[in-house]
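[1] Quick check, what structure comes out for this input:
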Amino acid sequence: MVAFHFAWSSFFCAWISTFSPAALLPLIRESLNLTTFDIGNAGIAAVCGAIAGRIAMGTAIDRYGPRCGICCCLGLTSPAVFLIALAQTPAQFLIARLFIGFTLSNFVACQFWCSSMFNVKVVGFANACGAGLGNSGGGWALLLMPLVCNAIVSSMGLPVFVAWRWCFMVPGCLQVFMTITTMLFATDCPDGNYADLKASGAMKRQSNMAMWRAAVTNYRTWVMMATYGYSFGVELTMNNLLSQYMFDQFSLGLQTAGLLASVFGLTNILSRPSGGLLSDYVASRWGMRGRLWALWITQTLAGLMCLLLGLVSSSLPSTMAVLVMLSVTCQQSAGLSFGVVPFVSKRSTGLVAGFVGAGGNVGASLNQAIFFTYAPLSTPQGFFWMGVLAMAVTALYALVYFPMWGGMLTAPKEGLSEEAYYMAEFTPEEIAQGLHTASLRFAFESRSQRSSTAGRKDASVRAGAACNGAIGAGPAQIIAVARPAV
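    Residues are numbered from 1 along each chain as shown. I've put the predicted structure just below:
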């Protein structure tokens, strides 16, 4: 549980840092004379930086472990958090937001860490809890940063256009603190740290090229990446826009606008974990097919709520009611997504999570650019069309098919085993070197994703016997274990 708490709290810091500028944007835009295009481009930069960062993080944690990945990310980006306070031009503000946005790469390490620490039967809930608590940092930033600014004005007597600069000491110091404590007190996996395990020979060194090949040649990686752009991507977009939208649309004060906007992010504490819990529950009844159906239904509802948000812009009560429903369904769908992602590839879990996580940032960048920066649309119209696109993209879940478990519309292939699916990522030579061991254990555990309860129980008995003989066996024996039963 120590690793779990370091996972979500480090990701929480990333959200606080990334969305603190959004919380203070009504003040910053006046101080730096930002135009609508400056604000839009800075918002794009804030989520765009993590696209490559998340993919790089996936590669790094597969090789060096999540602890090193998180500490490098937080430590290297902390100077940008402090330096944004010195911005004097729109370009400097944009560059600072770009580098601060790299902190969102910690999402990949958070999900990888949770996946490696918990059993597959509860992996959806564990991942969703970690991400939900971390994502709530966006809501806390929108809520607390205006209060921090007001406290600085009251206590230090500074003008408000100077006080906002001092506010960034809070997220900057928080990042430095988390970097130090994570490196000192956390461990990479239940067996210890990657560096120690590799030094002792307990962990085999994987080929980067083989991990990349397993991730990028699996079409499920790309489908999940595209669809995640319209669950998590919508969430990122809303966090960038809401405080300013409330301030302008309803003529609210900065603190009131921040308070109402924070509702969207703070629901993450419950809504994203509930998505993971729902994913695990339907999997216990209907296996992987249940996970996929629940994901499609919930994300489609989120798109519908986004559409409705654009239609109720004249009423603050109606806007808040729809906003709450959007936050719940949008964040649940993100939690449901990472109930599926860990099963795409065991060999490249971190890299697949990196690609899918990057998809969220790609979606947010496209949303911000198309609907809220360059297209001649009002913000409510942007919400409407973002919801339409979200519902259309969500239909891609029908393409996700696991041959041993099936898909939304298709049944599994008769007799195909989990071992056959996960061992296909290794060559006979790699199996002879023992690189397959972790994937083989995962294959046995993942039989819980079968649709038939009776089939899962029978498979578990066979799996236990097979596992005892297969771990450490030669390539021919492994292939025999993985061969579909007649």
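
[2] Give me the nearest residue to Thr319, chain neighbours excluded.
    Val312 (5.4 Å; CB to CB, 6 or more residues apart in numbering). C-betas here are computed from N, CA, C, even on glycine.

[3] any idea how far that neighbour is from Gly387?
    12 Å (CB to CB, to the nearest Å).

[4] ditto for Val400
    Taken as CB to CB, the span from Val400 to Gly387 is 22 Å.

[5] Could you do Phe402 as well?
    For Phe402, the distance to Gly387 - CB to CB - is 29 Å.

[6] next one: Ser439
    39 Å.

[7] Likewise for Leu252?
    Taken as CB to CB, the span from Leu252 to Gly387 is 24 Å.

[8] higher neighbour count, those two?
    Gly387 (23 against 18; other CB atoms under 10 Å).

[9] Report whether the expected contact of the more buried one with Gly310 is present.
    Yes - taking contacts as CB atoms under 8 Å, Gly387 lies within contact range of Gly310: 6.9 Å.

[10] who does the lengthiest helix in the chain touch, helix- and strand-wise?
    Longest helix in the chain, counting residues (DSSP state H): helix 268-309. Packed against helix 268-309, as judged by 3 or more CB pairs under 8 Å, 6 or more residues apart in numbering; DSSP states H and E, are the following elements: helix 123-156, helix 232-249, helix 316-337, helix 379-394, strand 406-407.

[11] pull the CA atoms of the third one into CSV?
    Coordinates of each C-alpha in helix 316-337 appear next as CSV, following Å, rounded to 0.1, in the frame of the first residue of the first chain:
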residue,chain,number,x,y,z
LEU,A,316,-26.0,28.4,-14.1
PRO,A,317,-28.1,25.8,-12.1
SER,A,318,-28.6,23.7,-15.3
THR,A,319,-24.9,24.0,-16.2
MET,A,320,-23.9,22.8,-12.8
ALA,A,321,-26.3,19.9,-12.9
VAL,A,322,-25.1,18.7,-16.3
LEU,A,323,-21.5,19.4,-15.3
VAL,A,324,-21.8,17.0,-12.4
MET,A,325,-23.3,14.3,-14.6
LEU,A,326,-20.5,14.9,-17.2
SER,A,327,-17.8,14.7,-14.6
VAL,A,328,-19.1,11.4,-13.2
THR,A,329,-19.6,9.6,-16.5
CYS,A,330,-16.4,11.0,-18.1
GLN,A,331,-14.2,10.0,-15.2
GLN,A,332,-15.9,6.6,-14.8
SER,A,333,-15.1,5.9,-18.5
ALA,A,334,-11.5,6.8,-17.9
GLY,A,335,-11.4,4.4,-14.9
LEU,A,336,-13.1,1.7,-17.0
SER,A,337,-10.5,2.1,-19.8
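
[12] now whichever helix or strand comes after that helix and helix 123-156, what's the angle there?
    Using DSSP states H and E, the helix or strand that follows helix 316-337 in sequence is helix 349-369. Between helix 349-369 and helix 123-156, the angle comes out at 50 degrees (axes from the mean of the first three to the mean of the last three CA atoms, to 10 degrees).

[13] so which of the helices and strands packed on helix 268-309 comes closest to Leu34?
    helix 232-249 (10.5 Å; CB to CB).

[14] starting at the chain centroid, how far to the closest one?
    With CA atoms, centre = their mean, to the nearest Å as the basis, helix 232-249 stands 18 Å off its chain's centre.

[15] and whatever helix or strand comes next after it, what other elements does it pack with?
    Once the chain leaves helix 232-249, the next helix or strand it forms, by DSSP H and E, is helix 254-266. Contact here means 3+ CB pairs under 8 Å, 6+ apart; on that basis helix 254-266 packs against helix 2-23, helix 25-32, helix 123-156, helix 232-249, helix 316-337.

[16] where does Leu351 land on pLDDT?
    We have a pLDDT of 88 for Leu351.

[17] mind checking how far it is from Ala60?
    10 Å.

[18] same check, this time on Glu429
    25 Å.

[19] The two: which is more packed in?
    Between Glu429 and Ala60, Ala60 has the larger neighbour count (other CB under 10 Å), namely 23 against 9.

[20] Report the rounded mean pLDDT for whichever strand or helix holds that one.
    Assigned by DSSP H and E, Ala60 belongs to helix 36-64. Across helix 36-64, the average pLDDT comes to 87.

[21] That helix vs helix 25-32, what angle?
    Using the same axes, to 10 degrees: helix 36-64 against helix 25-32 is 110 degrees.

[22] Show me the contact partners of the helix or strand following helix 36-64.
    Per DSSP H and E, helix 36-64 leads on to helix 66-83 as the next helix or strand towards the C-terminus. Here helix 66-83 makes contact (CB atoms under 8 Å, 6 or more residues apart in numbering) with 6-7, 10, 13-14, 17, 53, 57, 60-61, 96, 99-100, 102-103, 105-106, 108-110, 112-113, 116, 168-169, 171-172, 175-176, 178-179, 182-183, 186-188, 193-194, 350.
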